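J.: okay, sequence plus prediction incoming.
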Amino acid sequence: AQTVTQSQPEMSVQEAETVTLSCTYDTSESNYYLFWYKQPPSRQMILVIRQEAYKQQNATENRFSVNFQKAAKSFSLKISDSQLGDTAMYFCAFDPHYGGSQGNLIFGKGTKLSVKP
Amino acid sequence: KAGVTQTPRYLIKTRGQQVTLSCSPISGHRSVSWYQQTPGQGLQFLFEYFSETQRNKGNFPGRFSGRQFSNSRSEMNVSTLELGDSALYLCASSLELAGRNEQFFGPGTRLTVL
């Protein structure tokens, strides 16, 4: 079965510092997508960053970047210059349907990140 | 462009009742997925609809059903509610374009079953 594991249930970081959230996944697929989603206390899930498995280059979106290690099946999220607004649950998600989503994102249990002033 | 909308935002029902939740996807998105989020089980996939057809289904009992209309709006229905159905129900829509399959989520419907 395809699974996603986030080993850090909770993390905290000081404002302006850098934090890395871990994610590992298990699949036999060779092409797939990986995502990090953010769910602030107001509940709306927001896409932070996406990575296509066939691309070796790590994705970057402003202060957010990933370290994608395909062989190790690892997909960590680095948040630089942490801001108070980054406080949220972060979910790592896996989509095995390369070429078009068919729903069924597989989510990790999430990491609750608190950014402290 | 308006985001994914879900109605109602909050709902309180009693055991044995049924409930219908609604989701309007982002304009142009034809794929709609539903997820159940609970503290214990996390986010679990319910089903996905594309062009009015259920294309994928998660591991939920038959009490959970859904449909999609020609305008891509979707509804999910839960019959004979149980206490364990209390959850946040999230809807997500996708453009369904190769290479651009990320899902965009609505704010959710918080269902409480008493």
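T.: Arrived safely, thanks for sending.

J.: return the set of buried residues in stretch B:13-23.
T.: Buried residues in stretch B:13-23, counted by 16 or more other CB atoms under 10 Å in any protein chain shown: B:13, B:19, B:21, B:23. (Glycine included, C-beta is placed from N, CA and C.)

J.: tell me the one among the residues you listed nearest to chain A.
T.: Checking these against chain A by CB to the nearest CB gives B:C23 as the nearest, at 12.4 Å.

J.: in strands only, show me the buried residues of stretch B:13-23.
T.: In this view, the buried residues of stretch B:13-23 that belong to strands under DSSP state E are B:13, B:19, B:21, B:23.

J.: so for the second one, what's the pLDDT?
T.: Per-residue confidence for B:V19 comes out at a pLDDT of 98.

J.: tell me where chain B has strands.
T.: Using DSSP E, strands in chain B cover B:5-7, B:10-13, B:19-24, B:31-38, B:42-50, B:53-57, B:64-68, B:74-78, B:87-94, B:103-105, B:109-113.

J.: now the ones you listed in CSV, with distance to chain A?
T.: Shown next, in CSV, are the strands of chain B (distance: least, CB to the nearest CB, whole Å):
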stretch, distance to chain A
strand B:5-7, 10
strand B:10-13, 11
strand B:19-24, 12
strand B:31-38, 3
strand B:42-50, 3
strand B:53-57, 5
strand B:64-68, 11
strand B:74-78, 11
strand B:87-94, 5
strand B:103-105, 4
strand B:109-113, 8
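
J.: out of those strands, flag the one nearest A:K38.
T.: strand B:103-105 (10.5 Å; CB to CB).

J.: how far away from the center of its chain is that closest one?
T.: Averaging C-alpha positions (CA atoms, centre = their mean, to the nearest Å) puts strand B:103-105 11 Å from its chain's average.

J.: which helices and strands sit right next to it?
T.: strand A:46-52, strand B:87-94 (3 or more CB pairs under 8 Å, 6 or more residues apart in numbering or on different chains; DSSP states H and E).

J.: ok, and the closest non-adjacent residue to A:L105?
T.: A:A93 (4.5 Å; CB to CB, 6 or more residues apart in numbering or on different chains).

J.: got a list of what the one you found touches?
T.: Going by CB atoms under 8 Å, 6 or more residues apart in numbering or on different chains, A:A93 touches A:4, A:34-37, A:105-108.

J.: I'd like the distance between it and B:Q17.
T.: Look at A:A93 and B:Q17: by CB to CB, to the nearest Å, they are 32 Å apart.

J.: just A:F75 next, same as before
T.: In terms of CB to CB, A:F75 sits 41 Å off from B:Q17.

J.: please apply the same query to A:K73.
T.: 43 Å.

J.: show the pLDDT at the most centrally placed residue in chain B.
T.: Closest residue to the average C-alpha location of chain B: B:W34 at 3.1 Å, with CA atoms, centre = their mean. You'll see B:W34 listed with a pLDDT of 96.
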